[in-house]
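Chemist: my questions are about this predicted structure, shown below with the sequence.
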Amino acid sequence: MLKCWIEAMRLRTLPVSAAGVITAWAFALWSGTFKVVPAVICLLFALLAQIASNFANEYFDFRDGLDRPGRVGPRRGVTEGDITPRAMLIATAVTVALACCLGLSLLFYGPWWLLIVGILVVVGVYAYSAGPYPLSRHALGEVAVVVFFGIVPVNFTYYLMAGTFNATVFNASLAIGLMGANILLVNNYRDIDDDRSVGKHTLATRFGASFASALYLINGWVAMALLGALFSTLPIYCAVAPIIYLTIHTLLWIALLQRKGTALNPLLGITALNMLLFSLTLLILFL
């Protein structure tokens, strides 16, 4: 049973939420404003929010008949009967509640209006898969990832420590968001046939596999271009971060074109790890 819940958390995708917060840590170190406690709380909040979103996605996709037994992607516990729908719904609510408790503690380090940001994150957890216009079913999943895994965590984690916003940090947040969107692109590229069969609309189903694979490549290169001005001001050895990222990214794109079905599953995790590696490299360079 524990294995089923671990699978439902989708651990291979959790580097997405961690990377955004760690990138903010890097820029806080860069500006000399790093603060340990809010930094750690932001990381835990981000991880819990993503886990809650994954739980909600599994529950609502099952409820609405979008997941079927024996799907190409990783095993879904609710769909396969390993976890009851009620248990998944309760787990979603409990995880959201834990995230909210952590989020409220951040008000000790920032202004009251950050509560609005927290509420929007919670709304995003459910809006991705549920509500009158589920984002993941209307080809807006990638946009949601850019916002909630890039713009929001990078900028507001940095703000909590630095007390201000920064144009360079904003560019970095867009870059991280595009990297995160690539993880969803791999997922939707793999599931294109399954999603079409149940009427789920993603960028891949609407514009085709070739579009999705091309967008995957473009996102990574645009992400590094957004950080070009930053790296041009840093010592030459700092170029190791974009070079490593783009090398792995391009190799992953080549592999994406050569694989189908379950063979694409490892690429999802490696794409996430490449994103995390970039943020950790940035953190180390800014120490």
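Modeler: Happy to help now that I have it. Numbering: from 1, shown residues only.

Chemist: torsion angles phi and psi at Gly208?
Modeler: The phi/psi pair for Gly208 (degrees, to the nearest 10) reads phi 100, psi 170.

Chemist: can you get me a residue count around it?
Modeler: Neighbour count for Gly208, taken as other C-beta atoms under 10 Å: 13. All C-beta spots, glycine's among them, are computed from the backbone N, C-alpha and C.

Chemist: pLDDT score assigned to it?
Modeler: pLDDT for Gly208: 97.

Chemist: what about Ile83, which helix or strand?
Modeler: Ile83 belongs to no helix or strand when assigned by DSSP states H and E.

Chemist: let me fix that, I meant to ask about Pro111.
Modeler: Applying DSSP H and E as the criterion places Pro111 outside every helix and strand.

Chemist: quick one, what contacts it?
Modeler: Residues in contact with Pro111 (C-beta atoms under 8 Å, 6 or more residues apart in numbering): none are found.

Chemist: could you do Arg259 as well?
Modeler: Listed by C-beta under 8 Å, 6+ apart, the contact partners of Arg259 are Leu267.

Chemist: quick one, phi/psi of it?
Modeler: In terms of degrees, to the nearest 10, the main-chain angles of Arg259 are phi -120, psi 160.

Chemist: residues in contact with the strand or helix carrying Ala87: which ones?
Modeler: Assigned by DSSP H and E, Ala87 falls within helix 85-105. Helix 85-105 has contacts (C-beta under 8 Å, 6+ apart) with 5, 8, 41, 44-45, 48-49, 51-52, 55-56, 58-59, 62-63, 77-78, 115, 118, 121-122, 125.

Chemist: helix or strand for the closest residue to Cys238 other than its chain neighbours, just tell me which one.
Modeler: Spatial nearest neighbour of Cys238, chain neighbours left out: Leu285 (5.1 Å); criterion: C-beta to C-beta, 6 or more residues apart in numbering. Applying DSSP H and E as the criterion places Leu285 in helix 265-286.

Chemist: ok now that helix, how far from the chain's centre?
Modeler: Distance of helix 265-286 from its chain centroid, counting by C-alpha atoms, centre = their mean, to the nearest Å, is 12 Å.

Chemist: where does pLDDT dip in the stretch 51-200 of the chain?
Modeler: 70-73 (pLDDT under 70).

Chemist: alright, I will stop here.
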